[in-house]
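Undergrad: next one to model:
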Amino acid sequence: MTHDQRLASLGIKLPTPLKPFGVYRPVVTYPVGNYIHLSLSGHGPFQVEDNKLLIGKCGTVRTKEEGNHAAYLTALGCLSTIRNQLGGSLNRVKRVIKSLVMVNGDPTFQEQIYVANGFAQVFKDVFGAEAGVGARSAIGMGSLPMNQTVEVEMIVEVEAEVQEVETKQINTDEYWVDSIPELDNVINCCGHFTSLGGSRLHPNAFHAMQLQSQRFVDLNALLQHAGSRIALLAKAPKGYSAHVTGGAASAIALTTVACMFRNINNIQQIEQLTSMLPHLNNHLCCHVIVDGCSDLRWLSQIELTGAIVHIIGNSKQPMNVKSITLKVKQLGGWSRIACFVLFDGAVASNLNNMSLEDVINVSNATVPVVVDAAARLPPIANLWNLTKRGASAVLFSGGKAIRGPQSSGFVIARNNIIKRIHLYACPREDSVCRAMKTTKESIVGLVAALEAFVIENQEYPKIPNTLANIVALNIRNRLRGDVKTTKITDNIIIRQSTGQIEGLLDVQPNQHNLISIDLQNVIKRNKFQNEGTRKTKEKDTTMYGDGVNHGSPLNIVVRDAPTMLASKLCRVAVGVPRVAVNTTKQGIFINPILLTSEEAKYVGKRVADEIIGLVLLNDVVDVDSGLSKL
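TA: A predicted model of the protein is given here:
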């Protein structure tokens, strides 16, 4: 039974919604999320029969029973407003979130709960116990406008409106995407690689984007509302907010510019200088210090703003207080430093021997410390840990584990940084950052995905670890079942351990199990070993090959056994799923975080079959001729 049908079955007739008595809106729809907020004003006990409000204090003029009836009448008025707001139907009401019932009562009156029940019972009857009963406050008031007996304010969640769009029926066989062999389905065992599409868009994000695509909106206002919502979800400390960006890479550039303007408080001056970027080195604090142990692939995002990058330290000789202080002195002091950029993966792995707190202390808390945490989710706690530890700005990708649009990201930062970002980011047209466009669809899609992410990823790494077990089990069972190669495949080392333990800095997040397959004891004749390229059997799990820079993980150049196996997995007949894996000098490893259970079973069996084929190829023919056949 629908809500409208239940209302009719109860014999309830709703009054015509009242017009505002003053300067206010009776109801407002939230621009982000599907909520409607009913104003306190205009929602009181309106009596249809005499076209008047029920007035008088409970406890003196009115009994508690009359107060209960006044609350009932108020509920009918609220239902009328909701129905009117939703186009004449209550069926889109998802649930009552909260109601505030104010009872006009004598100081000695104590039956506010009894009165409020007259309001709540109506919503329970119409929408059911689950959807119709929300959080509630029932309080007594010394007086109410026009001496009405009851007045109510409430928030209701509603289903998104389905837009009816006339579309031409097209035969799916005619879609160009289905006619290109290279676009066969790929089973992603690499991780959230941009070159493989990032992630699967969350259904909530897709729904929000579809709804927003049919609406026009003040983009600046939407960005601010979205930033406030993100800051709330990320438990940002007081004095912090957020801004949606076109990916985490553009968040780096946007934050850099904000930091370059950090000594300028005049808004008009910032707006004037914005149009002059990136040619302002003599007018701003333009130097950016980057930890040499950080991920340096994104330095171009800093440099396109006109900032000058200075890398301190490396993995062999990490930065320290002395090297930082010396560099700052050479550059003319801290007033010339825009910000300090760290990669959270390096900080978490202690590669630079300096904690976030150490870097903040050495900068005397005067220079913003920016942390690139693009793919450092989950665990969910990373959303708030870094800001609570004092980071001035933290950058995240929206299109990886969060499952928002691939072209989205966000920065959580101190208010002064976010305020400056708002001044020159999209939709501003005369800024170098104009190219980093954020759309109305990507903004709401990101927020919807983030809302789901903080709920659904509480138990990480439980699910990817379970998928890792499925893959490993199917590999072992398949290998053991092949009589021809049992002796050889017994030498294959299959282990499960986290990216953090394996030292794979490029794997983010890194607290779930990966499946590593060591091939060095299997392939006995390898032309690369003969050439002296591989002279040691020491463990080496460093990622290498074409997949490292996420440029083309399906275009594998065969140079040894691991890349040969990776190539065979992703070069197959049309219609057969391609399997993308990571390679190391030791072998391959499989990242299960994006797999389904069925995909995990398939990958295990498929990898085992390709290993068996590789072993047989190596035993029967020379490896050189085997390579030529691929």
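Undergrad: which strand runs longest in the protein?
TA: As assigned by DSSP state E, the longest strand anywhere in the chain is strand 93-104.
Undergrad: following that one, which helix or strand comes up?
TA: helix 112-132 (DSSP states H and E).
Undergrad: quick one: the helices in the stretch 51-200 of the chain?
TA: 64-85, 112-132 (DSSP state H, counting those that start in this stretch).
Undergrad: for T366, which of these is the nearest?
TA: helix 64-85 (50.1 Å; CB to CB). (Glycine included, C-beta is placed from N, CA and C.)
Undergrad: ok, back up a step: what strands flank the longest strand of the chain, and is each parallel or antiparallel?
TA: According to DSSP bridges, strand 93-104 forms sheet pairs with strand 135-141 (parallel), strand 150-158 (antiparallel).
Undergrad: so which of these is the most surrounded?
TA: Mean neighbours per residue, mean count of other CB atoms under 10 Å, is largest over the strands paired with strand 93-104 for strand 150-158, with a mean of 23.
Undergrad: kindly export that one (C-alpha atoms) in CSV.
TA: Below are the C-alpha coordinates for strand 150-158, written out as CSV (Å, rounded to 0.1, in the frame of the first residue of the first chain):
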residue,chain,number,x,y,z
VAL,A,150,1.0,24.0,19.1
GLU,A,151,3.6,24.7,16.4
VAL,A,152,6.0,22.2,14.7
GLU,A,153,9.2,22.3,12.7
MET,A,154,10.4,19.1,11.0
ILE,A,155,12.9,17.5,8.5
VAL,A,156,11.8,14.8,6.1
GLU,A,157,13.9,12.6,3.8
VAL,A,158,12.3,12.0,0.4
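Undergrad: contacts for that strand, please.
TA: 33-41, 43-45, 54, 67, 70-71, 73-75, 78, 82, 86, 92-104, 115, 119, 134, 144-145 (CB atoms under 8 Å, 6 or more residues apart in numbering).
Undergrad: what does the helix or strand containing N416 contact?
TA: Using DSSP H and E, N416 maps to helix 415-424. Under the contact criterion CB under 8 Å, 6+ apart, helix 415-424 has outside partners 220, 223-224, 227, 239-243, 254-255, 257-259, 261-262, 267, 270-271, 274, 277, 368, 392-393, 411, 413, 431, 433.
Undergrad: mind redoing it with 6 Å?
TA: Here helix 415-424 makes contact (CB atoms under 6 Å, 6 or more residues apart in numbering) with 239, 241, 243, 254, 258, 261, 270-271, 274, 393, 431, 433.
Undergrad: what about the closest residue to G197 other than its chain neighbours, which SS state?
TA: Closest residue in space to G197, ignoring its immediate chain neighbours: Q406 at 6.7 Å, by CB to CB, 6 or more residues apart in numbering. Under DSSP: H, G, I helix; E, B strand; the rest coil, Q406 falls in the coil class.
Undergrad: how deep is Q406 tucked in, by neighbour count?
TA: 18 (other CB atoms under 10 Å).
Undergrad: distance check, it against V581.
TA: Distance of Q406 to V581, given as CB to CB, to the nearest Å: 21 Å.
Undergrad: one more: L504?
TA: 13 Å.
Undergrad: who's more crowded, these two?
TA: V581 (26 against 23).
Undergrad: which secondary structure element contains the nearest residue to G613 once chain neighbours are set aside?
TA: Distance criterion CB to CB, 6+ apart; nearest residue to G613, sequence neighbours excluded, is K568 at 7.0 Å. Using DSSP H and E, K568 sits within helix 561-570.
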